[in-house]
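Participant: Sequence and predicted structure, then a few things I'm wondering about:
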There are 12 protein chains.
Amino acid sequence: MANHVYKTIELTGSSPKSLDAAIANAIKKASKTLHNLRWFHVTDTRGEIENGRVAHWQVTMKVGFTLD
Amino acid sequence: MANHVYKTIELTGSSPKSLDAAIANAIKKASKTLHNLRWFHVTDTRGEIENGRVAHWQVTMKVGFTLD
Amino acid sequence: MANHVYKTIELTGSSPKSLDAAIANAIKKASKTLHNLRWFHVTDTRGEIENGRVAHWQVTMKVGFTLD
Amino acid sequence: MANHVYKTIELTGSSPKSLDAAIANAIKKASKTLHNLRWFHVTDTRGEIENGRVAHWQVTMKVGFTLD
Amino acid sequence: MANHVYKTIELTGSSPKSLDAAIANAIKKASKTLHNLRWFHVTDTRGEIENGRVAHWQVTMKVGFTLD
Amino acid sequence: MANHVYKTIELTGSSPKSLDAAIANAIKKASKTLHNLRWFHVTDTRGEIENGRVAHWQVTMKVGFTLD
Amino acid sequence: MANHVYKTIELTGSSPKSLDAAIANAIKKASKTLHNLRWFHVTDTRGEIENGRVAHWQVTMKVGFTLD
Amino acid sequence: MANHVYKTIELTGSSPKSLDAAIANAIKKASKTLHNLRWFHVTDTRGEIENGRVAHWQVTMKVGFTLD
Amino acid sequence: MANHVYKTIELTGSSPKSLDAAIANAIKKASKTLHNLRWFHVTDTRGEIENGRVAHWQVTMKVGFTLD
Amino acid sequence: MANHVYKTIELTGSSPKSLDAAIANAIKKASKTLHNLRWFHVTDTRGEIENGRVAHWQVTMKVGFTLD
Amino acid sequence: MANHVYKTIELTGSSPKSLDAAIANAIKKASKTLHNLRWFHVTDTRGEIENGRVAHWQVTMKVGFTLD
Amino acid sequence: MANHVYKTIELTGSSPKSLDAAIANAIKKASKTLHNLRWFHVTDTRGEIENGRVAHWQVTMKVGFTLD
């Protein structure tokens, strides 16, 4: 960890299935353009309701990566 | 969204199974008397412990609906 | 609840599987030395990323128990 | 103020015009069914964007009224 | 606690006497119309001053009850 | 900015007209006795309601000035 | 409330007797030099311990008054 | 909303005119390079003071957009 | 205070009588095993309701002591 | 500490050298007019950047003193 | 400051030497690709421990720059 | 990191010299009895003032370690 610098971005992932899947979706998407993803930190958990059920889970998280 | 007004209430759902189930239970219950539920926002995640295991998951959330 | 006093400690559980499993792991570990665990309260949800996937889920929580 | 008790509810007003109008809309709507509205307290200011402009202003606020 | 759902409302009680009395007043008032009050959680403690003395104590709290 | 020291005070301005006017009123008032006002930072937005309308807008803000 | 401006200061009162007395002490002291005290808002409750007892209660609060 | 992922950036807009104009300026600027702006969320409201007047309004906000 | 190090623990005291008594109970209990208790800091004030009255007051606080 | 009352003010110190120096500058300045300074509490740490270096460190802190 | 728009990014700098060096490292790194860095604001201070000593200081901060 | 569980404790270190030294003192002290210290996270920075100078720096931090 010799003087490394990290950048954090904020993403919101969504999924009709579960909280865990919403997180996984956002990370998978971000990893297509950013190759040094290191950690995430959930900051908000929300969702949309339709007909008395959770229609979409939405998780906002900070995602950190190494600046080369 | 022409000048709509929304109201938010705070509910706590519980479930012996999982966090996701605790959320689903609260929304199902609320939807019996409120027909315009639109979104939820988790504000607290707790639980009760018995014999070294999670006995009940408890999720507190704000639930929003349209005022007719 | 006659004048009971409770103590709260802060633990972080981890699991390669899910958020729920990370919580369960920490409680199981703590219950080996503390026999009066009563409740938990999640304060932070994080994780480590490897190859575009969540490698470890990490949940920090406060865990309360009765002081005898 | 002899031992009065107040209740607070949370509302979100919206308006295509301005923040002030979003607040006024929510209060006008609530005053149709609640006759003792006394104060409001803004807790969140958001909006929706369309074509590079603010399409709707949304203000979430707590609104307090006297319980008779 | 088999899948119970709880609702939380926000009340402000006041009293010329003390903080504890302000809390008690709000709970007494609420219990006239809500029969399943379970817990309260203080979120704000304020008061009004007249002639260098506390004229009214005001305590805002969340009050939780079981949804039947 | 050679080793300057700033002091911050907290003011609440009110206006029957708008949020912006409530802020302007407080700053105008403070500038009569403090001649180095530099910036403000809104910390709370409230108001009083009468007859289903906002009767007074109240904005609490921190106001900073240079200590000579 | 015609365009009034209020100032808030932060005080900490202490008392060997109780929380309520610590608040009353701070307000009594402040009212000797400030004649328009209007409200207080508790922001912190602390105390010092000696020999397993509370030796001093300390309450920090914001106190608001009208700027003439 | 089929598994969409959103990114949030933080912007500060300024305007000599009003809070609403400061928000509008930031969104207009951002929309020149980002074509999927969806919402904003105000996180800070500040300003600079000159000669007893608000010289510039500054609004910091999070702005969300869809990741294609 | 020559390079002293302090440790803080979190306790919740309860009492059927008052907030002050709930705090005193927790400190008395803790002082049986920890002999250097120095200060406390209230972080949460809650209670349980039975038959429209406060049945138990619960105060959560951080308690600090000197590490020898 | 017999019923003492303390007042807290908010200061921002700056220094081209370091965080510690920014704090020391503010306290030195304040002590010229206030003779009972007792403690400080850092609430914000900021700075200005010029040419890829920290040009000024700025530390905002609450500073407490005894009211005679 | 005629209608300027600023963007804020979040960086974490690390250093085996000190907090100040961790901040300086992050700013130096960011200034290689961003030429209008204006200010920073520390949001988190952490570190890693090895053999009873701080092995790395880690400072997370928001860094603001002018959007051209 | 195979299902590890971590515990966090809260310590306050003090030093007449600097913030960094206050942190180092607390970690050195804690490492005498806890052999798996992994990280720290600063939560509060305070100090005592004597004669217009910082007499003691006090840093409160969470310190995490592996539960074996």
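Facilitator: Received the coordinates, thanks.
Participant: Please make it C-alpha for all contacts and neighbour counts, starting now.
Facilitator: Will do.
Participant: secondary structure element for the residue in chain A that chain G sits nearest to?
Facilitator: Chain G sits closest to residue A:43 of chain A, with a gap of 25.1 Å, by CA to the nearest CA. Residue A:43 belongs to strand A:37-50 when assigned by DSSP states H and E.
Participant: Give me the helices and strands touching that strand, please.
Facilitator: Packed against strand A:37-50 by the contact rule (3 or more CA pairs under 8 Å, 6 or more residues apart in numbering or on different chains; DSSP states H and E) you find strand A:53-66, strand B:37-50, strand C:37-50.
Participant: That one: partners in the sheet, and parallel or antiparallel?
Facilitator: strand A:53-66 (antiparallel), strand B:37-50 (antiparallel), strand C:37-50 (antiparallel) (DSSP bridges).
Participant: Tell me which of the ones you listed is the most buried.
Facilitator: strand A:53-66 (a mean of 22; mean count of other CA atoms under 10 Å in any protein chain shown).
Participant: got the helices and strands packed on strand A:37-50 as a markdown table, with mean pLDDT columns?
Facilitator: As requested, the helices and strands packed on strand A:37-50 are exported to a markdown table (pLDDT from 0 to 100):
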| stretch | mean pLDDT |
| --- | --- |
| strand A:53-66 | 97 |
| strand B:37-50 | 97 |
| strand C:37-50 | 97 |
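Participant: So for residue E:19, which of these sits nearest?
Facilitator: Evaluated over the helices and strands packed on strand A:37-50, closeness to residue E:19 peaks at strand B:37-50, with 26.4 Å, by CA to CA.
Participant: Can you tell me what sits against the closest one?
Facilitator: If you take CA atoms under 8 Å, 6 or more residues apart in numbering or on different chains as the criterion, strand B:37-50 is touched by A:44-50, A:52, B:19, B:31, B:54-66, C:37-42.
Participant: ok, now with 6 Å
Facilitator: A:45-49, B:54-65, C:38-42 (CA atoms under 6 Å, 6 or more residues apart in numbering or on different chains).
Participant: pull the CA atoms of that strand into PDB?
Facilitator: Provided in PDB are the C-alpha atoms of strand B:37-50 (Å, rounded to 0.1, in the frame of the first residue of the first chain):
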ATOM      1  CA  LEU B  37     -47.900   2.500  -2.100                       C
ATOM      2  CA  ARG B  38     -45.100   3.700  -4.400                       C
ATOM      3  CA  TRP B  39     -41.600   3.200  -2.700                       C
ATOM      4  CA  PHE B  40     -39.800   2.300   0.500                       C
ATOM      5  CA  HIS B  41     -36.500   3.400   2.000                       C
ATOM      6  CA  VAL B  42     -34.800   1.300   4.700                       C
ATOM      7  CA  THR B  43     -33.700   3.300   7.700                       C
ATOM      8  CA  ASP B  44     -32.800   0.600  10.300                       C
ATOM      9  CA  THR B  45     -31.900  -3.000  10.300                       C
ATOM     10  CA  ARG B  46     -32.100  -4.900  13.600                       C
ATOM     11  CA  GLY B  47     -32.900  -8.300  14.900                       C
ATOM     12  CA  GLU B  48     -33.400 -10.400  18.000                       C
ATOM     13  CA  ILE B  49     -31.000 -13.200  19.000                       C
ATOM     14  CA  GLU B  50     -31.900 -16.500  20.700                       C
END
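Participant: Run the chain-centre distance for it.
Facilitator: From the chain centre to the centre of strand B:37-50 is a distance of 6 Å (CA atoms, centre = their mean, to the nearest Å).
Participant: For chain J, what is the nearest residue in chain A?
Facilitator: residue A:5 (14.5 Å).
Participant: okay, now the residue nearest to that residue when sequence neighbours are not counted: neighbour count?
Facilitator: Using CA to CA, 6 or more residues apart in numbering or on different chains and skipping residues adjacent in sequence, the residue nearest residue A:5 is residue K:13, 4.7 Å away. Neighbours of residue K:13 under the rule other CA atoms under 10 Å in any protein chain shown: 27.
Participant: distance of the residue of chain A closest to chain G from chain I?
Facilitator: Per CA to the nearest CA, to the nearest Å, residue A:43 is found 22 Å from chain I.
Participant: Can you check my assumption that residue A:68 lies in a helix?
Facilitator: No: counting by DSSP: H, G, I helix; E, B strand; the rest coil, residue A:68 falls outside a helix, being coil.
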